[in-house]
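Participant: Take a look and give me a structure for this.
(one chain, ligands or ions: 1)
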Amino acid sequence: MPIIEVAGLTKTYRVFQKKEGLAGALRGLYRREYKEVKAVDRIDFKIEPGEMVAFLGPNGAGKTTTLKMLSGLVYPTSGEASVLGYVPWQRADAFRRQFALVMGQKNQLWWDLPAGDSFQLHREIYSIPQAEFDKTLAELIDLLGVEKLTRQAVRELSLGERMKMELIAALLHGPKLLLLDEPTIGLDVVAQAAIQKCLRDYHEKRGVTMLLTSHYMRDVEALCDRVIVITQGSIVYDGPLAKIVERFSESKLVRLQFEEDAPDDLGRYGEVVRCEGPFADVKIERARVAEVLGAMLNRHAIADVSVEDPPLEEVIAKVFEEARLAHDAA
Ligand SMILES: Nc1ncnc2c1ncn2[C@@H]1O[C@H](COP(=O)(O)OP(=O)(O)OP(=O)(O)O)[C@@H](O)[C@H]1O
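Facilitator: Next comes the predicted model:
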């Protein structure tokens, strides 16, 4: 049985439109005008136990709204969702005990207390047996390397340290499902890598299911095999990460090192993106890589060569752009 099953899920927000100027503001007091914002528009997907899925989309695409519906914080306008066998917005106690929502932009720990005190509070709220709590906490503290920080007020911690504490708090009750909304936002690469490692290890040990939004493709590459892309409230791609690269990038990046300076007619093979001394990077049409590479090797003295897919950022940006153009044309 899927852990998450969503059918026709839709959320429309009603937003009050403020009029310009004082007269407009006064008029607005007795005749309020609203605009409807369709944040999520009839989306369908299923996530099976143990999957790690990236939920990607440009700003305002509807990702956070979807996560909020899946965790029962927001009622949908229409459609259905089953999460861990529950209807999330009915907020059953047994449901809340089995998942965790981590929001990189929101603080869930007590600001003035040491994180250790908030962890104790979690233990009581979730009635976690003491021995199990101690074991899990020790494991997580070790995994994230934060031994010395649990007795320091949360407000005194750096952003990266605080996020590690937030993650510990979210994992203490052993959730079966983790909903992560930009868990590495604003973190440096070292802290990002620590969060990714913790999530990977935790997944390996506990087989937790994860749905993650992130604007950092490193998170996606490090953690997820499957990607769901949402733009303007609609799902435009749902499938393996590897396939999205194949489907949306027409070229591969061929990195060459010549025995001498790179020849100046490389443009005949493809788009030259870098040419410095003996080094050159050329974008070559995916279907012609073997043929073009063969021709290059015949004609030039090449010391080293590698063939790479374009960076995931580039591919995803292309998916967003194509979806936007299709939406505007519809
Ligand atoms: N509480 C709200 N009231 C009115 N409109 C809202 C509300 N929350 C979100 N929206 C609107 O719904 C749309 C989707 O927002 P949402 O936060 O779900 O996007 P997102 O994909 O998470 O974006 P980001 O990557 O910027 O966080 C946006 O147009 C946003 O302005």
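Participant: how about the residues of the stretch 51-200 of the chain that lie near the ligand?
Facilitator: Contact residues, the stretch 51-200 of the chain versus the ligand (CB under 6 Å from any ligand atom): 57, 59, 60, 61, 62, 63, 64, 65. C-beta here means a position set from N, CA and C on the backbone, and glycine is covered the same way.
Participant: So which of those residues belong to strands?
Facilitator: Within those, no residue falls in strands by DSSP state E.
Participant: tell me which of those residues is nearest to residue 318?
Facilitator: The closest of these to residue 318 turns out to be residue 57 (CB to CB; 13.8 Å).
Participant: ok, the closest one - contacts?
Facilitator: Applying CB atoms under 8 Å, 6 or more residues apart in numbering, we find residue 57 in contact with 63, 213, 229, 230, 231, 320.
Participant: switch to 10 Å and redo it
Facilitator: 63-64, 66, 213, 215, 228-236, 316, 319-320, 323 (CB atoms under 10 Å, 6 or more residues apart in numbering).
Participant: Save the residues of the stretch 51-200 of the chain next to the ligand as CSV, and put in distance to residue 311 and pLDDT too.
Facilitator: Formatted as CSV, those follow (distance: CB to CB, whole Å; pLDDT from 0 to 100):
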residue, distance to residue 311, pLDDT
57, 18, 93
59, 20, 92
60, 23, 92
61, 20, 94
62, 25, 95
63, 21, 96
64, 25, 95
65, 28, 96
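Participant: Could you find which two of those residues are furthest from each other?
Facilitator: 59 and 65 (12.5 Å).
Participant: all strands of the stretch 101-250 of the chain, in order?
Facilitator: 177-181, 209-213, 226-231, 234-240 (DSSP state E, counting those that start in this stretch).
Participant: before we move on, back to that, more neighbours: which of residue 59 and residue 65?
Facilitator: residue 65 (21 against 6; other CB atoms under 10 Å).
Participant: Three-state assignment for the closest residue to that one other than its chain neighbours, please.
Facilitator: Nearest residue to residue 65 in three dimensions, chain neighbours excluded: residue 39, at 4.2 Å (CB to CB, 6 or more residues apart in numbering). Here residue 39 is strand, with the state taken from DSSP: H, G, I helix; E, B strand; the rest coil.
Participant: quick one: pLDDT of residue 39?
Facilitator: As predicted, residue 39 sits at a pLDDT of 96.
Participant: before we move on, what about residue 32?
Facilitator: pLDDT recorded at residue 32 is 72.
Participant: quick revisit: which residues are in contact with the residue nearest to residue 65?
Facilitator: Contacts for residue 39 (CB under 10 Å, 6+ apart) come out as 10-13, 60-66, 68-69, 74, 77, 232-233.
Participant: Buried among the residues you listed? Make that a ChimeraX selection.
Facilitator: ChimeraX command restricting the contacts of residue 39 to the buried ones, with burial defined by 16 or more other CB atoms under 10 Å:
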select :10,11,61,62,63,64,65,66,68,69,74,77,232,233
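Participant: Distance check, residue 18 against the ligand.
Facilitator: From residue 18 across to the ligand, the span is 13 Å (CB to the nearest ligand atom, to the nearest Å).
Participant: What about that residue? Give its phi and psi, please.
Facilitator: In terms of degrees, to the nearest 10, the main-chain angles of residue 18 are phi -80, psi 140.
Participant: any low-confidence regions in the stretch 51-200 of the chain?
Facilitator: The stretch 51-200 of the chain contains no residues with pLDDT under 70.
Participant: which residues of it fall in helices?
Facilitator: Secondary structure of the stretch 51-200 of the chain, counting by DSSP state H, counting those that start in this stretch: helices at 63-70, 93-96, 115-125, 130-144, 159-171, 189-206.
Participant: So residue 292, which state does it fall into?
Facilitator: Strictly by three-state DSSP, residue 292 counts as helix.
Participant: OK, contacts around it?
Facilitator: Contacts of residue 292 (CB under 10 Å, 6+ apart): 252, 254, 268, 269, 270, 282, 284, 285.
Participant: Go through the residues you listed and give me the one with the most neighbours.
Facilitator: When those are compared by neighbour count (other CB under 10 Å), residue 282 ends up highest, at 24 neighbours.
Participant: Which positions are bridged to that one in the beta structure?
Facilitator: residue 254, residue 272 (DSSP bridges).
Participant: Just list the residues touching it, thanks.
Facilitator: Neighbouring residues of residue 282 by CB under 10 Å, 6+ apart: 251-256, 262, 266-275, 292-293, 296.
Participant: could you redo the last one with a cut-off of 7 Å?
Facilitator: By CB atoms under 7 Å, 6 or more residues apart in numbering, the contact list for residue 282 reads 254, 256, 266, 269, 270, 271, 272.
Participant: Which pair of those spans the longest distance?
Facilitator: 256 and 271 (13.6 Å).
Participant: Compare these two (neighbour count), which wins?
Facilitator: Set residue 256 next to residue 271 and count neighbours by other CB under 10 Å: residue 256 wins out with 25 against 13.
Participant: can I assume the more buried one is in contact with residue 280?
Facilitator: Yes - Residue 256 lies in contact with residue 280 (CB atoms under 7 Å); the separation is 4.9 Å.
Participant: buried residues in stretch 119-136?
Facilitator: Those would be 119, 122, 123, 128, 133, 136, for stretch 119-136 by 16+ other CB under 10 Å.
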